[in-house]
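J.: sequence-free structure coming up:
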Ligand code: NAD
């Protein structure tokens, strides 16, 4: 039912975790997939191989997502290869733990640069193409932390909250150009980002707060992301889609 035939999708942080699952599923739905990675070319190559072995089309693109210059160059590469950009998934991000009195200026700046500016650079580079095409689809990956806050992770939570208001602002602003802007707010999902925290939670306090009684799998995020990317959701824009096992029930 989710048909992305001939759509061009760019997924940042597409070499692992939620991004990887989304890349593989998007290719299965017929999309041409640009897999962005930051450091691990080998991991990106694995994703491309998996897509190509299943008969799909994939391109690997590298950029430090915090670098405006590198992100704009990355968008140029996608356009050179595929001729257009239909969907961007702003998925790359970092999650660092620090109490406020210990939070260094460097960590704060790095988190804002990657989690917030990085999304801005992708959006600013993609939107002119989408305006020209008279269509486009932007999906920002926020977090329950951006909805309810997260103790000891204020840098992360504040950037994710910003993505929620960025989503709503641009949904209204870009609708006249037939560009939809939505957000997925994951709860706990087992990936490299969360693996240690989940493993260390011997008392089960993470799972205890999730009504479905378990953490999510990356594929369980990919489905909702691609629902928003697809023509099954053409009347949905400015939405914050909760994908958290029932842990945080808000928009
Ligand atoms: P992950 O750590 O596996 O993936 C994050 C990706 O971002 C990696 O591919 C990493 O290389 C990339 N990245 C980070 N900094 C970068 C930079 N400067 N330049 C280029 N790439 C960079 O984690 P994940 O769980 O798959 O996270 C995906 C998204 O989901 C993130 O935005 C994260 O905040 C969000 N999220 C995850 C969880 C969870 O429990 N895993 C919960 C809520 C939200």
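T.: That came through fine. Please read these numbers as outputs of a predicted model, since none were measured by experiment.

J.: Compute the distance between the most centrally placed residue in the chain and residue 14, please.
T.: With distances taken as CA atoms, centre = their mean, the residue of the chain nearest its centroid is residue 91 (2.0 Å). Per CB to CB, to the nearest Å, residue 91 is found 7 Å from residue 14. All C-beta atoms are positioned from the backbone trio N, CA, C, and that covers glycine.

J.: okay, and the common contacts of the two?
T.: Common contact partners of residue 91 and residue 14 (CB atoms under 8 Å, 6 or more residues apart in numbering): residue 22.

J.: can you give me the strands in the stretch 151-251 of the chain?
T.: Shown for the stretch 151-251 of the chain, the strands assigned by DSSP state E, counting those that start in this stretch span residues 179-186, 240-243.

J.: Pick the most deeply packed of the ones you listed.
T.: strand 179-186 (a mean of 26; mean count of other CB atoms under 10 Å).

J.: Tell me the strands beside that strand, with direction?
T.: According to DSSP bridges, strand 179-186 has the following sheet partners: strand 136-141 (parallel), strand 240-243 (parallel).

J.: In CSV: those, plus mean pLDDT and distance to residue 208.
T.: As requested, the strands paired with strand 179-186 are arranged in CSV below (pLDDT from 0 to 100; distance: least, CB to CB, whole Å):
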stretch, mean pLDDT, distance to residue 208
strand 136-141, 99, 25
strand 240-243, 98, 18
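
J.: Need those in TSV (columns: distance to the ligand).
T.: Converted to TSV, those look like this (distance: least, CB to the nearest ligand atom, whole Å):
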stretch	distance to the ligand
strand 136-141	4
strand 240-243	9
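
J.: Any chance of those strands in TSV with distance to residue 202 as columns?
T.: Shown next, in TSV, are the strands paired with strand 179-186 (distance: least, CB to CB, whole Å):
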stretch	distance to residue 202
strand 136-141	28
strand 240-243	26
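
J.: which one of these lies closest to residue 53?
T.: Nearest of the strands paired with strand 179-186 to residue 53, taken as CB to CB: strand 136-141 at 25.9 Å.

J.: Need the contact partners of the closest one.
T.: By CB under 8 Å, 6+ apart, strand 136-141 touches 18, 85-91, 93, 119, 123, 126-127, 129-130, 163-164, 166-167, 170, 174, 177-184, 186, 221, 225, 228-229.

J.: same thing but 6 Å
T.: 87-91, 119, 130, 163, 167, 179-184, 225, 228-229 (CB atoms under 6 Å, 6 or more residues apart in numbering).
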